[in-house]
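A.B. asks: Sequence first, predicted model second:
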Amino acid sequence: MRRKVCKDCRVFVDGGECPLCKGSQFTTNWTGRITIIDAQKSSIAKRIGVAQKGEYAIKTR
């Protein structure tokens, strides 16, 4: 079973509300996965516009 991803901030969500943006629009159609451990020091996090640690989808549809 594919996990849900928030359409706005692309973070993986287990419940009914996004923990980052508090949104409720999700998709299960995503590609790629990246885990950010320290968003302040990560050049990849800065490049994709992520400010908090977590697991993110690279592309959503």
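C.D. replies: Received the coordinates, thanks. Numbers count the residues shown, from 1 in each chain.
A.B. asks: what about residue 47, which SS state?
C.D. replies: Secondary structure, DSSP: H, G, I helix; E, B strand; the rest coil: residue 47 is helix.
A.B. asks: Tell me the confidence at it?
C.D. replies: You'll see residue 47 listed with a pLDDT of 92.
A.B. asks: now do the one 4 residues further on
C.D. replies: Residue 51 carries a pLDDT score of 91 in this model.
A.B. asks: Please apply the same query to residue 1.
C.D. replies: On the pLDDT scale, residue 1 gets 70.
A.B. asks: separation between it and residue 28?
C.D. replies: Between residue 1 and residue 28 the computed distance is 8 Å (Cβ to Cβ, to the nearest Å). C-betas here are computed from N, CA, C, even on glycine.
A.B. asks: Show me which of the two is the more surrounded one.
C.D. replies: Applying other Cβ atoms under 10 Å to residue 1 and residue 28 shows that residue 28 carries more neighbours, namely 11 against 4.
A.B. asks: pretty sure the more buried one is in contact with residue 4, am I right?
C.D. replies: Yes. Using Cβ atoms under 8 Å, residue 28 is in contact with residue 4, at 5.9 Å.
A.B. asks: So for stretch 20-30, mean pLDDT?
C.D. replies: On average, stretch 20-30 scores 94.
A.B. asks: which residues are in contact with it?
C.D. replies: With contacts defined as Cβ atoms under 8 Å, 6 or more residues apart in numbering, stretch 20-30 is touched by 2-11, 13, 16-18, 52, 54, 57-61.
A.B. asks: among the residues you listed, which are in strands?
C.D. replies: Residues of these located in strands (DSSP state E): 4-6, 13, 54, 57-60.
A.B. asks: could you dump those to JSON lines with pLDDT?
C.D. replies: Output for the ones in strands among the contacts of stretch 20-30, formatted as JSON lines (pLDDT from 0 to 100):
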{"residue": "4", "pLDDT": "95"}
{"residue": "5", "pLDDT": "96"}
{"residue": "6", "pLDDT": "95"}
{"residue": "13", "pLDDT": "95"}
{"residue": "54", "pLDDT": "94"}
{"residue": "57", "pLDDT": "94"}
{"residue": "58", "pLDDT": "92"}
{"residue": "59", "pLDDT": "91"}
{"residue": "60", "pLDDT": "90"}
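A.B. asks: I am finished for the moment; much appreciated.
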